[in-house]
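A.B. asks: I'll drop the sequence and a predicted model, then ask my questions.
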Amino acid sequence: KNQVEQSPQSLIILEGKNCTLQCNYTVSPFSNLRWYKQDTGRGPVSLTIMTFSENTKSNGRYTATLDADTKQSSLHITASQLSDSASYICVVRGGDSNYQLIWGAGTKLIIKP
Amino acid sequence: ETGVTQTPRHLVMGMTNKKSLKCEQHLGHNAMYWYKQSAKKPLELMFVYSLEERVENNSVPSRFSPECPNSSHLFLHLHTLQPEDSALYLCASSQEGPGGDREETQYFGPGTRLLVL
């Protein structure tokens, strides 16, 4: 069954600290993987997209990694800011249809001053 | 802002009411989507419209009825909903390439928070 699982479900860290969010997937065949950021009261916004051949991609203080062999991805946030408080959602495109997006449930990140 | 607007932002309705959610995209995209987001659950794709024709419907109950009058507007008509339908309803748009390739990024609206009493 095509699934995307994220951990932890929620995370609280102090401002300025680093953190890493995890995404494991069982989607096959695999097309690409995206990380979205969803602020409270807003829709998700794309942070990064990674294809099979990419294993690292950065967007400012956000760095995503992909290990296609172990079917794992991570999102590392460096020097966290209060504005990083949000839900982070991992989405994998693939499965039986190229149009299929398999969404994770997200990790809720809270940055405390 | 992402260029996708949704109204209303909040809606409370009884189980016998009829209401409609509206979505408008100002990005010139040719595909639009309705998603349901419940707490601590993954987004659930409800409907996909491409070039104003419905191309995907993931077995959504008939109490939800979509309408796409043109490529910029999308509606979700609601009637005789159940309390378990309470959720955040998100609209998104994207640009579909030749041959139906929907690899492009989806742009989301802020959602309508629906409460069914």
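C.D. replies: On my side now, so go ahead.
A.B. asks: pLDDT at the residue in chain A that chain B sits nearest to, what is it?
C.D. replies: Relative to chain B, the nearest point of chain A is A:Gly43 (2.8 Å; Cβ to the nearest Cβ). To be clear about C-beta, it is placed using only N, CA and C from the backbone, and glycine gets the same treatment. pLDDT, A:Gly43: 94.
A.B. asks: B:Gly14 too?
C.D. replies: Per-residue confidence (pLDDT) for B:Gly14: 89.
A.B. asks: isn't it right up against B:Leu117?
C.D. replies: Yes: counting by Cβ atoms under 8 Å, B:Leu117 is a contact partner of B:Gly14 at 5.5 Å.
A.B. asks: host element of the residue at minimal distance from the centre of chain B?
C.D. replies: What sits nearest the mean C-alpha location of chain B, by Cα atoms, centre = their mean, is B:Trp34, with 2.4 Å. Element membership of B:Trp34, judged by DSSP states H and E, is strand B:31-37.
A.B. asks: could you do A:Ser58 as well?
C.D. replies: Using DSSP H and E, A:Ser58 falls within strand A:56-59.
A.B. asks: which residues sit against that strand?
C.D. replies: Applying Cβ atoms under 8 Å, 6 or more residues apart in numbering or on different chains, the contact partners of strand A:56-59 are A:Leu47, A:Thr48, A:Ile49, A:Met50, A:Thr63, A:Ala64, A:Thr65, A:Leu66.
A.B. asks: in its sheet, what does the least confident helix or strand in chain B by mean pLDDT sit against?
C.D. replies: Within chain B, judged by mean pLDDT, DSSP states H and E, the helix or strand with the poorest mean is strand B:53-57; its value is a mean of 80. Here strand B:53-57 is paired, per DSSP bridges, with strand B:44-50 (antiparallel).
A.B. asks: return the set of buried residues in the partner strand.
C.D. replies: Of the residues in strand B:44-50, B:Leu45, B:Met46, B:Phe47, B:Val48, B:Tyr49, B:Ser50 count as buried by neighbour count, 16 or more other Cβ atoms under 10 Å in any protein chain shown.
A.B. asks: got it, and stretch A:102-113?
C.D. replies: For stretch A:102-113, burial by neighbour count (16+ other Cβ under 10 Å) applies to A:Ile102, A:Trp103, A:Gly104, A:Ala105, A:Gly106, A:Thr107, A:Lys108, A:Leu109, A:Ile111.
A.B. asks: now, which of these lie close to chain B?
C.D. replies: Restricting the buried residues of stretch A:102-113 to those touching chain B (Cβ under 8 Å from any Cβ of the partner chain) yields A:Ile102, A:Trp103, A:Gly104, A:Ala105, A:Gly106.
A.B. asks: thank you kindly, that will do.
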